[in-house]
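A.B. asks: Below is the sequence, then the predicted model.
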Amino acid sequence: MEKILEVQGLKKTFQLSAKQQKIEKTKEKFKAAVNDLSFTAYRGEVFGLLGPNGAGKTTTLRMLATLIRPDQGDALLDGSSVVKEPEAVRRKIGFLTSELKLEEFFTPNYLFGFFADLHGVSAEEKQQRRERLFSRFGIDKFAEVKVGNLSTGMKQKVSLVISLVHDPDVIIFDEPTNGLDVLTAKVVTDFLMDLKNQGKTIIVSTHIFSLIEKICDRVGIIIDGRMAECDSLEAVCAGKSLEERFFELYEEKVGKIE
Amino acid sequence: MKKDMLTIIKKEFARFFGDRRMVFITVLMPGLMIYILYTFMGKGLMREFSTDDAYVASAYVQNMPEELSSALRGLSVEWAELAEGETEAAKAAVTAREADMVLVFPADFSAVVAEYEVSDGAAPNVEIYYNSTEAESAKLYNVVGRVLDVYEQSMANKFDVNAGSGTYDLASEKDATGQMFAMMLPLLLMTFLFSGCSSIAPEAIAGEKERGTIATLLVTPMKRSALALGKIISLSAIALLAGLSSFLGTMLSLPNLMGGAETGMDASVYVLSDYLLLLGIILTTVLVLVALMSIISACAKNIKEAGTANAPLMIVSMAVSLSTMFGGTGEKNLGLFCIPLYNSAQCMHGIFSFQYVPGQIVVTIVSNLVCALLLAWVLTRLFNSEKVMFAK
Ligand SMILES: Nc1ncnc2c1ncn2[C@@H]1O[C@H](COP(=O)(O)OP(=O)(O)OP(=O)(O)O)[C@@H](O)[C@H]1O
Ligand SMILES: [Mg+2]
């Protein structure tokens, strides 16, 4: 199996604001959101990062997408370092989170062209990809409708398609089904399976066990910014359900859940 | 880098010009509103200060002296004789706008005046009661005052001042107009440019940050400097349109405001080169303002915060343009023209009053451009900063 992502000892510490200190009930000024985190993902697999709220999933994926810089460690994405070659990394990945929004004023068609231009996609390829992706995901029907007038499910599809304008090999997706109803969530998971079948590597983060069980080949369980367990889904579960295994690990690392 | 910048500029234009409502509100409306407002204000003022020639005033007079009788009765006034003790009631009528004037001469006015010597001290006093809020009354006050002055002078006339019929103010009409424009326009222009910029920069930067659309741009391989420059250039172009619209509205309607044809005020006293220099100043001023506001907006959490944070900048730009109303133009230290905003206001004043020094304009334009570039660099740093863009 060919390694496509190698995460090596990533660390990220945030300075806590007074408000955050209150919320987290701590007097510490700093918090290691991600602490010495390492894992590897292989080409063509779906890798899931599982963890409770505040575990450091979003922080990890943002470092991989080069939106924030790690304090320590590095990650090699298809050979490019997120620390030293952020632009090369951005060229190779499609990054998607619910915080990234599309301008509501524009149509899917316009936005596709706009982002393709920013990614330096040639006119010919742009046209081909647009046709292929729009028809496959049924965007043709509302390609000329302003994003602001689309339903949440349609918007999500458009965001997904736009994150693929440059045909990246690796797709990084933070909480893909968070806040979506069952129908829209299914659209998204089907979409991801579709991408997997095309040979793309997919890194997702979630706190939903069923999503991992449904789409992931391998899983990393992240607790308090550290990797608690990382292996194939079968190996991690070891005959039990993922949920059971997760709580076992959690009690082992943190203590009894009150 | 250049290609990405153009892509961003194209998108910003598509966003702005694709929204007809936005174009109308930010570009067309300010100019139109100013034109209509100033024109109506001008018309209103003219009406307020002009009086009806056919009007016959009604006034009270007490102890009308024989020598003045014909002059006063020659005016288009209906004089009612007032007996001793009726003065207060008549004054109340003036306050109530029912009468235009109460004119009170001392008893035996002619005799008292004839006997009076300057060394005697307190001179005999004529009282003219009038109502300044009533145009006809105010006019009558001037007319009667003049009649009395003429009479007083005729009694002891040693010399006259400007008694001939020629024009004594030798200022050219052009300079007079220039002085008027130079007094009003730097402040107005700066206000328009500021409001043009502030109607779009917070929305386009803090708004995009608040809505999470700028983060979507940051995951593309585009250089942050391309984003910063693209934003500044496109926003400046739009702000410029808004500013120019207000400017046009002002230039066309200011003569109406100041009395139009009667005062001979006309924007055509300026020639093409004046306008071109002005355009250079305006253009670079907008670049600086937009860059400053972009930085403020990038640091702000949302549009509202950006709007509030712009207030001190507004005070500064108003203050520098007000400063042109005081202190002359002409030979000033060129170093002063390196200070952004201040230099712009000074140059505008200089151009409008025909007193600019070319070196000042050049220094202003160059230093504004340098300043805008420096600010663009700061904005790039901000777009690169995770603390600013992804703060919790
Ligand atoms: N920009 C920031 N400034 C300060 N603290 C931060 C920042 N981003 C994240 N944190 C803190 O780091 C910790 C990890 O946050 P992160 O968002 O990575 O968790 P997560 O696993 O994605 O959780 P969730 O399931 O809630 O999305 C949290 O305690 C969070 O408060
Ligand atoms: Mg998260």
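C.D. replies: Sure, I can see it. Ligands and ions are numbered 1, 2, ... in the order given.

A.B. asks: What's the local residue count around the residue of the stretch 51-200 of chain B found nearest chain A?
C.D. replies: When scored by Cβ to the nearest Cβ, the stretch 51-200 of chain B has B:Ile200 as its residue closest to chain A, at 13.8 Å. For every residue, glycine as well, the C-beta is placed using N, CA and C. Using other Cβ atoms under 10 Å in any protein chain shown, B:Ile200 has 23 neighbouring residues.

A.B. asks: how much space between it and ligand 1?
C.D. replies: Using Cβ to the nearest ligand atom, to the nearest Å, one obtains 28 Å as the distance from B:Ile200 to ligand 1.

A.B. asks: ok, that residue - contacts?
C.D. replies: By Cβ atoms under 8 Å, 6 or more residues apart in numbering or on different chains, the residues touching B:Ile200 are B:16, B:26, B:235, B:238-239, B:242.

A.B. asks: Name the helix or strand of chain B that has the lowest mean pLDDT.
C.D. replies: Every helix and strand in chain B was compared by mean pLDDT, DSSP states H and E; the lowest is helix B:29-49, with a mean of 80.

A.B. asks: Please name every helix or strand in contact with the following helix or strand past it.
C.D. replies: Sequence order places strand B:57-62 as the next helix or strand after helix B:29-49, per DSSP states H and E. In terms of contacts (3 or more Cβ pairs under 8 Å, 6 or more residues apart in numbering or on different chains; DSSP states H and E), strand B:57-62 is packed against strand B:77-81, helix B:87-95, strand B:101-104, helix B:135-155.

A.B. asks: got the residues of chain B near ligand 1?
C.D. replies: By Cβ under 6 Å from any ligand atom, the residues of chain B that approach ligand 1 are B:390-392.

A.B. asks: Out of those, list just those in helices.
C.D. replies: The helices, defined by DSSP state H, take in nothing from those.

A.B. asks: for these, which one is nearest B:Met258?
C.D. replies: When the residues of chain B next to ligand 1 are ranked by distance to B:Met258 (Cβ to Cβ), B:Ala391 comes first, at 50.9 Å.

A.B. asks: check contacts around that closest one.
C.D. replies: Each residue near B:Ala391 by Cβ under 8 Å, 6+ apart is listed here: B:Lys301.

A.B. asks: Kindly provide the distance from B:Lys332 to A:Ser232.
C.D. replies: As judged by Cβ to Cβ, to the nearest Å, B:Lys332 and A:Ser232 stand 77 Å apart.

A.B. asks: Out of the two, name the residue with the larger neighbour count.
C.D. replies: Neighbour count, other Cβ under 10 Å: between B:Lys332 and A:Ser232, B:Lys332 has more, with 15 against 12.

A.B. asks: Can you classify that one as helix, strand or coil?
C.D. replies: Of the three states, B:Lys332 takes coil under DSSP: H, G, I helix; E, B strand; the rest coil.

A.B. asks: quick one: it and B:Val363 touch, right?
C.D. replies: No. Look at B:Lys332 against B:Val363 with Cβ atoms under 8 Å: they stay out of range, at 10.6 Å.

A.B. asks: where does the stretch 151-258 of chain A have low pLDDT?
C.D. replies: Across the stretch 151-258 of chain A, the ranges flagged by pLDDT under 70 are A:258.

A.B. asks: all strands for it, in order.
C.D. replies: Assigned by DSSP state E, counting those that start in this stretch, the stretch 151-258 of chain A shows strands spanning A:170-174, A:201-206, A:218-223, A:226-232.

A.B. asks: try the stretch 1-150 of chain A
C.D. replies: Taking DSSP E, counting those that start in this stretch as the criterion, the stretch 1-150 of chain A carries its strands at A:3-15, A:30-42, A:46-50, A:72-77, A:80-81, A:93-96.

A.B. asks: List the residues that contact the residue nearest the centre of chain B.
C.D. replies: With distances taken as Cα atoms, centre = their mean, chain B has B:Met184 as the residue nearest its mean C-alpha position (3.7 Å). For B:Met184, the contacting residues are B:Leu254, by Cβ under 8 Å, 6+ apart.

A.B. asks: check which helix or strand covers it.
C.D. replies: helix B:173-198.

A.B. asks: Report the mean per-residue pLDDT for the following helix or strand past that helix.
C.D. replies: Using DSSP H and E, the helix or strand that follows helix B:173-198 in sequence is helix B:201-202. Average pLDDT, helix B:201-202: 93.

A.B. asks: and for helix B:201-202, what are the contacting residues?
C.D. replies: For helix B:201-202, contacts defined as Cβ under 8 Å, 6+ apart pick out B:235, B:239, B:290, B:293-294, B:296-297, B:300, B:303, B:306-307, B:310.

A.B. asks: Any residue of the next helix or strand after it touching chain A?
C.D. replies: Where DSSP H and E defines the elements, the next helix or strand beyond helix B:201-202 is helix B:208-211. Yes. Counting by Cβ under 8 Å from any Cβ of the partner chain, contacts between helix B:208-211 and chain A involve B:208, B:211.

A.B. asks: got a list of contacts for helix B:208-211?
C.D. replies: Outside helix B:208-211, the residues touching it (Cβ under 8 Å, 6+ apart) are A:101, A:103-104, B:214-215, B:297-298, B:300-303, B:389.

A.B. asks: Write out the residues of the stretch 1-150 of chain B neighbouring chain A.
C.D. replies: Counting by Cβ under 8 Å from any Cβ, the stretch 1-150 of chain B sits next to chain A at B:3-4, B:7, B:11, B:14-15, B:18-19.

A.B. asks: which among those residues end up buried?
C.D. replies: Among those, those scoring as buried are B:4, B:7, B:11, B:14-15 (criterion: 16 or more other Cβ atoms under 10 Å in any protein chain shown).
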